[in-house]
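S.K.: Dropping a prediction and its sequence here:
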Amino acid sequence: MKMIGIALVIAALILTLSYCALPTARPPVQPVSSIQDFGEAKKLADKLFKDHRLTFYCGCSYDKKHRVDPTECGYTPRKNVQRGERIEWEHIVPAHAFGASLRCWREAICQRDGKSYKGRKCCEEKDPLFRSMEGDLHNLAPAVGELNADRSDRIYGMVAGEERAYGACDFEVDFQRDVVEPRPEIRGDIARTYFYFEKTYQLPIQESQRALFESWAKEDPVDEWERERNRRIKAIQGNGNPFVEAADKP
């Protein structure tokens with residue numbers, strides 16, 4: 001009987017430890033700002049960049065009508081001349097990356113004119129969390145339209161050969177491997193944006209990408225414009241990027 005009692009105590013301890021070791025459920029991710037949608041975010045981004053009209057990937061200047069001036073940055077179109085003439089608002093973390101896990105992206109739960117559909121348009125209609133991520137100003141940057149199209153949802157990485165398909169613009173795309181290499185001056189900005197999305201929206205980063213982003217964040221530390229941009233965004237949408245703000249702490 002004594003042995004049975006000891007066995008029961010041990011079993012109870014094992015069950016208790018097993019229960020304690022279970023991961024606690026994460027609370028649902030919530031929208032972080034009152035920005036209604038991507039359309040509103042683009043209008044706010046225009047104001048945000050009104051005195052810093054330089055494209056993200058090439059550093060080209062552009063005017064208030066979004067027309068790109070390639071003369072100083074040396075950009076020449078690879079293929080799409082029309083989209084190369086104007087800026088578009090680039091999602092540094094692409095919509096596919098933060099939308100693909102959502103039901104509205106995967107399942108045809110939306111309907112229009114008797115037809116069911118899914119994907120980005122459906123998520124824009126149905127999911128407030130998606131609208132928050134799509135309109136998050138921390139993730140938006142002005143980019144030459146052609147580069148926005150060529151980047152698409154390709155991952156960031158290193159491209160061998162440094163072939164310049166866009167004139168003097170330091171932007172390489174490996175269309176076979178679906179990898180984009182940005183210029184060194186913005187690599188830290190990209191890394192800190194991904195870290196922000198991971199922390200704010202629980203969007204996981206692949207370990208291979210994490211190592212790359214950690215390296216980029218060290219090689220390209222926070223500069224004054226990144227600080228100022230963060231301050232402006234915080235005033236507009238109510239939250240800052242802690243990975244930018246950490247640079248100001250002793």
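M.R.: Happy to help now that I have it.
S.K.: contacts and neighbour counts: CA atoms only from here.
M.R.: OK.
S.K.: In what element of secondary structure is the residue nearest the centre of the chain found?
M.R.: Closest residue to the average C-alpha location of the chain: residue 93 at 2.1 Å, with Cα atoms, centre = their mean. Under the criterion DSSP states H and E, no helix or strand holds residue 93.
S.K.: Ok, residue 90 next?
M.R.: Following DSSP H and E, one finds residue 90 within strand 87-91.
S.K.: What strands line up against that strand, and which way round?
M.R.: Its sheet considered, strand 87-91 pairs with strand 140-144 (antiparallel) by DSSP bridges.
S.K.: so how far is the partner strand off the chain centroid?
M.R.: When C-alpha coordinates are averaged (Cα atoms, centre = their mean, to the nearest Å), strand 140-144 and its chain have centres 12 Å apart.
S.K.: re the thing from before, can you tell me what sits against the strand holding residue 90?
M.R.: Among residues not part of strand 87-91, those counted as contacts by Cα atoms under 8 Å, 6 or more residues apart in numbering are 42, 55, 62, 66-68, 134, 139-145, 148.
S.K.: try 10 Å this time
M.R.: Residues from elsewhere that reach strand 87-91 (Cα atoms under 10 Å, 6 or more residues apart in numbering): 38, 41-42, 45-46, 54-57, 60-63, 65-68, 133-149, 151-153.
S.K.: Quick one: low-confidence residue ranges for the chain.
M.R.: Across the chain, the ranges flagged by pLDDT under 70 are 1-27, 250.
S.K.: can you give me the strands for it?
M.R.: Counting by DSSP state E, the segments of the chain that form strands are 61-62, 68-69, 87-91, 110-112, 115-117, 140-144, 155-156, 172-174, 179-181.
S.K.: buried set for the fourth one?
M.R.: Which is strand 110-112. Taking 16 or more other Cα atoms under 10 Å as the basis for neighbour counts, the residues of strand 110-112 that come out buried are residue 110.
S.K.: Quickly run through the sheet partners of it, with directions.
M.R.: Taking DSSP bridges as the criterion, strand 110-112 sits next to strand 115-117 (antiparallel) in its sheet.
S.K.: And the partner strand, what's buried?
M.R.: By neighbour count on 16+ other Cα under 10 Å, the buried set for strand 115-117 is residue 117.
S.K.: One more: stretch 217-232?
M.R.: 217, 220-222, 226-227, 229-232.
S.K.: and the closest residue to residue 59 other than its chain neighbours, what is it in contact with?
M.R.: Closest residue in space to residue 59, ignoring its immediate chain neighbours: residue 73 at 6.1 Å, by Cα to Cα, 6 or more residues apart in numbering. Neighbour list for residue 73: 54-55, 58-61, 167-170 [criterion: Cα under 10 Å, 6+ apart].
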